[in-house]
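Engineer: Turn this into a model:
(chains A and B)
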Amino acid sequence: MQQMVSHYQTRKRNRAFAVMTILAILIFIAFIISMNTGYIRLSPSDLLMTLIGSGTDKQSLILFEFRLPRIVISLLIGAGLAVSGCIIQGISRNALAEPGILGINAGAGLMVMLFISFYPSTSAAPVFLLPVLALLGASVTAALIFVLSYKRHKGLSPTRIILTGIAVAAGMSAAMIVLTLKLSPDKYQFVATWLAGSIWGTNWKFVLSLLPWIVILIPYVFYKARVMNVLNLGEELAKGLGAPVAKEQLKLLAAAVGLAASCVAVSGGIGFVGLIGPHLARRLVGPKHEMLLPTSALAGALLVIVADTIGRWIMQPSEIPTGIVVAVIGAPYFLYLLARSKA
Amino acid sequence: MSQHAHSLNEGNNGKPVAFRSRPWAATLILTGGVFALILGMFLSVSFGAADIHFAVVWEAIFQFNPAITQHQIIQEIRLPRLLGGAMVGASLAVAGAIMQGMTRNPLADSGLLGLNAGAGFVLALCFAFFPGLPFMYLILYSFLGAGVGAGMVYGIGSLAKGGLTPVRLVLAGAALTALLSALSEGIALYFKIGQDLAFWYAGGVAGTKWFQLEVMFPWIVAALIGAMMLSRSITMLSLGEDVAKGLGQRTALVKLAGMIIVLILAGSAVAVVGAVGFVGLIVPHMTRFLVGVDYRWIIPCSAILGSLLVVFADLAARMVNPPYETPLGALIALIGVPFFLYLARKERREM
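Structural biologist: Numbers count the residues shown, from 1 in each chain, chains lettered A, B, ... in the order given. Predicted coordinates for the structure are as follows:
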């Protein structure tokens, strides 16, 4: 009996590793394709030459200053948002939870919109100020939601956080609607593009500002995978097993907020990754967080890099916001999985 | 997956939910609500960009004289607007109540079913490819879009082997909503019609016309009667599918009937006012909080409270910043948010 169980577990683990390897290979392929996709095509040989440093100045400018940072950013965002969603779904035990539900997108969006509507000029909005503002808006919103859902002696319950998040997000969306109607058409166009999730931080500085969050928080969350397995059993059971439930929940939620807020700051409102990444991963490798978290990260990264490549390629020379492409390719696949699933 | 399903209605401690009902509170709401609604209607007809005296209102309704401008305003603008608001409020609230009861998900509302997104998508197509389409057709198309959206969610949800579980329905709704709104956003950005669409999304009953009401009225009344007939079964479903089956209920049939009612109610409401999101979510919560768990009380009380909310919010939308109107959807969210926050703090779990 013991042997059978462990045999089954080994097989499951092997399957998970296989899934992760395949995802990693797909990401690598997407990476290569993405590097030579865009308004100016780089042929594979050009690409190789440029990479080893013997391309023309123009080619290396395009590759190193425009494309590569953007590709790296889309990978980081995908991984960050998906892991954030995985945490939130895990601790709230709610299949619909995603970073947007914690009001993070709404908070960032409202802040950006407030700024744009009071900023005098219509076009040259200071590019580096926006992510900072978005991060500020997202963090303030997250803090607000924590405060509103905190109860003395009882701490934070995931249900309360989600309900509060929905209410706060709804309030902010309402404020955004009022502002929307008052914006001038070209300002509106700018905000709408940002909200639709166009990755516009195509610069190494954005990579550097995003990287620390991802590099610190994702390994931290992976390290907490076993804790999340216990939390996922339900609060009562987790307490019975001796887990300091409230403290762990708070730490993990803080990590989720940090990840999502930093990603949204750079990418605008890419909404769907945090919902679908973990779902896809769960269907591929099952509910154990040791496997689920890395798989979510890879699935999210793959989704965003593919979406970004398609968005740049399909309507050249203009581009479609990545968030829109993510939903357009992610949702049908998700629906297909849903329709096919047994449980 | 299934452990995620009912997480929001089981308590943190997993205790079974107490079965409570408060018929007295419900009776009070029904009678008081009707009086409040009548009062709200009078206020709504008489206040606005041009204030009109009650006596004139009375005359305009019962001794209509087309030569008097004020009579015209009342007959052609304010009355349809008011009745539209009341109907839409009742429809959205009852649709939300049925959704929440059937799916046992306190966050379910008609927006989640793909109705709003479907209507929005079709409208985006209309604005992009047939600008200047008459209002009548816009309404018809948005109703069509809402229906197709809901049909797709329902279809996809029930394609799966285990049948249509609540989680699957809500997940399919969320995914389809994301897909359709992404497509509408893309169209809006490409054709630069985003702001026009935003006006529709902001929601409002200002443009309601008599013919819309005439088209909607029989459907909504029939659907509300159907909802009342279904209310006992919904109460059982809200206790859990197994319980309902154990009590001998044919749950698939009840769910199908419930979905059709929701589609009619929410579809016509969305067609008239656009996406007013919060009514279907908060009014049923509020009602359950007040009257308990019996849907025979929840459904009529939700209808009354929903009407009240929309009628008074619309009144406020006109009064806040005259002669400009504040978007109705935004105002309702403004009223709804603090209340919802309070509910979230109380964290009542009975469905």
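Engineer: so where's the stretch 51-200 of chain A shaky on pLDDT?
Structural biologist: Across the stretch 51-200 of chain A, the ranges flagged by pLDDT under 70 are A:120-128, A:152-156, A:158-159, A:199-200.
Engineer: Around chain B, which positions in it sit nearby?
Structural biologist: Proximity of the stretch 51-200 of chain A to chain B, by C-beta under 8 Å from any C-beta of the partner chain, involves residues A:89, A:92-96, A:148-149, A:151, A:157-160, A:162-164, A:166-168, A:170-171, A:173-175, A:177-178, A:180-181, A:183, A:185, A:188-189, A:192-193, A:196. (Glycine included, C-beta is placed from N, CA and C.)
Engineer: Buried ones in stretch B:43-52, by neighbour count?
Structural biologist: Under the neighbour-count criterion of 16 or more other C-beta atoms under 10 Å in any protein chain shown, stretch B:43-52 has B:43-46, B:48, B:52 buried.
Engineer: avg pLDDT for the helix or strand containing B:L230?
Structural biologist: Using DSSP states H and E, B:L230 sits in helix B:210-238. Helix B:210-238 shows a mean pLDDT of 86.
Engineer: Run the chain-centre distance for it.
Structural biologist: Helix B:210-238 sits 12 Å away from the centroid of its parent chain (C-alpha atoms, centre = their mean, to the nearest Å).
Engineer: Give me the next element, helix or strand, following that helix.
Structural biologist: Using DSSP H and E, the first helix or strand after helix B:210-238 is helix B:241-246.
Engineer: export that next one as CSV, just CAs?
Structural biologist: Only the C-alpha atoms of helix B:241-246 are listed here, as CSV (Å, rounded to 0.1, in the frame of the first residue of the first chain):
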residue,chain,number,x,y,z
GLU,B,241,-27.6,20.6,-4.7
ASP,B,242,-27.5,17.4,-2.7
VAL,B,243,-30.0,18.6,-0.2
ALA,B,244,-32.3,19.7,-3.0
LYS,B,245,-32.0,16.4,-4.8
GLY,B,246,-32.6,14.6,-1.5
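Engineer: is it anywhere near chain A?
Structural biologist: No. Using C-beta under 8 Å from any C-beta, helix B:241-246 stays clear of chain A, with a minimum separation of 14.6 Å.
Engineer: Show me which parts of that helix are buried, residue by residue.
Structural biologist: The neighbour-count criterion (16+ other C-beta under 10 Å) identifies B:241, B:244 as the buried residues of helix B:241-246.
Engineer: helices and strands around it, which ones?
Structural biologist: Secondary-structure packing of helix B:241-246 (3 or more C-beta pairs under 8 Å, 6 or more residues apart in numbering or on different chains; DSSP states H and E): helix B:210-238, helix B:251-273.
Engineer: ok so B:S184 is a helix residue?
Structural biologist: Yes. Assessed by DSSP: H, G, I helix; E, B strand; the rest coil, B:S184 belongs to a helix.
Engineer: wait, it sits on B:A198?
Structural biologist: No. Taking contacts as C-beta atoms under 8 Å, B:S184 lies outside contact range of B:A198: 11.1 Å.
Engineer: more neighbours, those two?
Structural biologist: Each of B:S184 and B:A198 has its neighbours counted (other C-beta atoms under 10 Å in any protein chain shown); B:S184 has more, 27 against 19.
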